[in-house]
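K.L.:
please find the sequence and the predicted model below.
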Amino acid sequence: MTTQGHLYRAQPLLRRAAAVAQSPSARYAAGLLVLAVAYYGAAKIGQTLRYTASVAAFWPPAGLGIAALYLWGLRWWPGVFLGELAVNGELLVDDTALPLGSLIGQQAGNMAEIVVGALLIRTFIGPRATLDRTEQVGGMLAALGIATAISATVGTASMLLGDVIEGSEALTFWRTWWLGDTAGALVVLPLALAWVPQPATAWRRICTWQGALMIAAVAGLGVLAFSIEGPVAYMVFPALIWAAFRFGPAGATLSVAITAGVAIGFTANEAGPFSTQPIDARTLSTQVYIVVAALTTLFLSAVVIERERSAAELAEAKRHEDDRAMKERHRIARDLHDSVSQALFSTVLHTRAAQKALKDEGPTPSGPLEQSLDAIGELTRGAQSEMRALIFELGHDAIEGGLVAALTRHASMVRKRHGLDIEVRGPKRLPLSPRAETELFVIGREAIANVVKHADASRAWVHVEARSARVVVEVRDDGSGFDPAAGHPGHFGLESMHSRAAELGGVLTIASAPRAGTVVRVEARADTEGASDGA
């Protein structure tokens, strides 16, 4: 048979093999094997710094197993079981072989730790947590504390019953077991939660020149701290704080893992500040160092993310508030147009009709009735003109282009309507939020209206100035002036200007005297975070 014939007959077998490989059961079995190998590898890393018997000062398999069951479900527990079985199988046959009963108890305790830890974390912080909230970090710590205590308690009891340790050693043995599992879980579990669900997003946040510099700083300071004689191990903390502030959970968890790796590597090779201590103190110092570094960095990262989220939510709330305010202004403009504006228009028409009828009946045009009708018509037309201007402003963004641009447009309209010469000066961009610019515009508009109505002025000046942390708006005229100390009850415009200035955290002052003009001045706090760009 030719080679081509053999290939033709082998094709069905290859298709069946490919179908089997792609089946859910085959993928599940492969996943279990990968998890078991990863668990075994993490255990070998932890055993580089063994305390006594089967207890290590740092036990990363605890975090790996809990992370796997938390992220992908409890159905993956056989993979953890196989990895744990391989680790304990070695302990059964090595030079310091442990009793079979003690190893069985240890395996049962470790499996309970993994399963209970995954269930508690899911209960305390919910599914798919990313450790971007302080309550999530606190919930994870509580769950790990309980789960690792189960393993330490069952393991210590197993070692006591197998005569591996004496009763006087039980407390120190339990503490070492508990802290070792906790330290390992605090390094591996947060790293998995921050990187596994969205690895591309986490990588993009780190894959910058600043990320590379951060990694180099953490590793360099960690190595330097463990290379210098003396208690300087915590000099790596500035780099950890930088990672938490700048790179969030992705950078925080990676920097903690690097810090823990440096500490374990140096101490396991009899180097660094912890290596010269007795075995109990060496183990405790290493564990506390890792736990403190992890908790400090994780909590700080969560606080920073919460602050960023709060700022974003506040900005979004302000945006929605501005949108609602604009919609309300449009609604009021429509209502005014459909009601008051139409009523004023009807009043003008009726006034004209009355004037025409009066002329047709023959009274002298200069009589009192004719003069009253003329006055009513003039007032109504003025009110109608002002209503149109108000409707226009309500239907559009009053501060489009910035505060100075808005005041310039308003001054131009006043000049055309009333003949008052108004000069407006000021920068195009101001350190003010849109809301603050709107309030200052309303104050300036009211001050100009008072000049038109009461000052009998020929000129007015509007000056806007930014001074460090404050913005000053000043409206000055050359009119008749008045006595501010005399009080003006019932003048809603003045009360409105004072209240608007107070809402901005500013101060409004009025300087005037009879026949000396008037100066209305308002100072408001600058708002650089919500500043308008004036575009």
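P.N.:
Cool, got the structure.
K.L.:
where does the chain have its least confident helix or strand?
P.N.:
Lowest on mean pLDDT, DSSP states H and E among the helices and strands of the chain sits helix 3-21, with a mean of 55.
K.L.:
before we move on, what SS does residue 510 have?
P.N.:
The local conformation at residue 510, judged by DSSP: H, G, I helix; E, B strand; the rest coil, is strand.
K.L.:
tell me the bridge partners for it.
P.N.:
Listed beta-bridge partners, residue 510: residue 520 (assigned using DSSP bridges).
K.L.:
that one and residue 501 touch, don't they?
P.N.:
No. Using CB atoms under 8 Å, residue 510 makes no contact with residue 501, being 11.0 Å away. Where you see a C-beta, it was placed from the backbone N, CA and C, and this is true even at glycine.
K.L.:
higher neighbour count, the two?
P.N.:
The neighbour comparison of residue 510 against residue 501 (other CB atoms under 10 Å) goes to residue 501, with 21 against 17.
K.L.:
what about that one, distance to residue 214?
P.N.:
From residue 501 across to residue 214, the span is 46 Å (CB to CB, to the nearest Å).
K.L.:
what does residue 444 give?
P.N.:
Counting by CB to CB - residue 444 and residue 214 are separated by 49 Å.
K.L.:
more neighbours: which of those two?
P.N.:
The neighbour count for residue 444 versus residue 214, taken as other CB under 10 Å, is higher for residue 444 (25 against 22).
K.L.:
helix, strand, or coil at the more buried one?
P.N.:
Following three-state DSSP, residue 444 is assigned to helix.
K.L.:
quick one: distance of stretch 441-460 to the chain centre.
P.N.:
The chain centre lies 44 Å from the centre of stretch 441-460; the measure is CA atoms, centre = their mean, to the nearest Å.
K.L.:
could you list the buried residues of it?
P.N.:
441-448, 450-452, 454-455, 457, 460 (16 or more other CB atoms under 10 Å).
K.L.:
what of stretch 226-236?
P.N.:
By neighbour count with 16+ other CB under 10 Å, stretch 226-236 contains the buried residues 226, 233, 236.
K.L.:
C-alpha coordinates for that stretch, CSV please?
P.N.:
Listed next in CSV are the C-alpha coordinates belonging to stretch 226-236 (Å, rounded to 0.1, in the frame of the first residue of the first chain):
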residue,chain,number,x,y,z
PHE,A,226,19.2,42.2,52.1
SER,A,227,22.8,42.8,51.0
ILE,A,228,23.6,45.4,53.7
GLU,A,229,24.5,44.4,57.2
GLY,A,230,22.0,45.8,59.6
PRO,A,231,18.3,46.2,60.1
VAL,A,232,17.4,47.9,56.8
ALA,A,233,15.1,45.4,55.2
TYR,A,234,12.2,47.8,55.2
MET,A,235,14.0,50.3,52.9
VAL,A,236,12.0,48.7,50.0
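K.L.:
what lies in contact with that stretch?
P.N.:
218, 221-222, 224-225, 259, 262-263, 266-267, 271-274, 289, 293 (CB atoms under 8 Å, 6 or more residues apart in numbering).
K.L.:
one more time with 7 Å, if that's ok
P.N.:
For stretch 226-236, the external contacting residues (CB atoms under 7 Å, 6 or more residues apart in numbering) are 218, 221-222, 225, 259, 262-263, 266, 271-273, 289.
K.L.:
off-centre distance for that stretch?
P.N.:
Offset of stretch 226-236 from its chain centre (CA atoms, centre = their mean): 34 Å.
K.L.:
and stretch 184-194, by the same measure?
P.N.:
That offset, for stretch 184-194, works out to 22 Å (CA atoms, centre = their mean).
K.L.:
outside of it, which residues touch it?
P.N.:
With CB under 7 Å, 6+ apart, stretch 184-194 has contacts from 46, 58-64, 66-67, 71, 129-131, 140, 144, 148, 202, 249-250, 253-254, 256-257, 260, 290-291, 294, 298.
K.L.:
state the mean pLDDT of stretch 62-69.
P.N.:
For stretch 62-69, mean pLDDT rounds to 95.
K.L.:
can you pull out the strands in the stretch 351-500 of the chain?
P.N.:
For the stretch 351-500 of the chain, strands defined by DSSP state E, counting those that start in this stretch occupy the ranges 421-425, 459-467, 470-477.
K.L.:
ranking those strands by burial, who's on top?
P.N.:
strand 470-477 (a mean of 22; mean count of other CB atoms under 10 Å).
K.L.:
so it versus strand 421-425, what angle?
P.N.:
For strand 470-477 against strand 421-425, the angle between stretch directions is 160 degrees (axes from the mean of the first three to the mean of the last three CA atoms, to 10 degrees).
K.L.:
helices or strands next to the longest helix seen in the chain in the packing?
P.N.:
Longest helix in the chain, counting residues (DSSP state H): helix 279-336. Packing partners of helix 279-336 (3 or more CB pairs under 7 Å, 6 or more residues apart in numbering; DSSP states H and E): helix 134-161, helix 170-195, helix 237-268, helix 368-395.
K.L.:
who are the packing partners of the very next helix or strand once past the second one?
P.N.:
Reading on from helix 170-195 to the C-terminus, the next helix or strand found by DSSP states H and E is helix 199-206. Contacts defined by 3+ CB pairs under 7 Å, 6+ apart place helix 199-206 against helix 237-268.
K.L.:
buried residues, the helix it packs on. List them.
P.N.:
The neighbour-count check on helix 237-268 (16+ other CB under 10 Å) flags 237, 239-244, 246-268 as buried.
K.L.:
so the nearest residue to residue 290 once chain neighbours are set aside versus residue 83, what's the distance?
P.N.:
The shortest distance from residue 290 to any non-neighbouring residue, by CB to CB, 6 or more residues apart in numbering, is to residue 183 (4.3 Å). For residue 183, the distance to residue 83 equals 19 Å [CB to CB].
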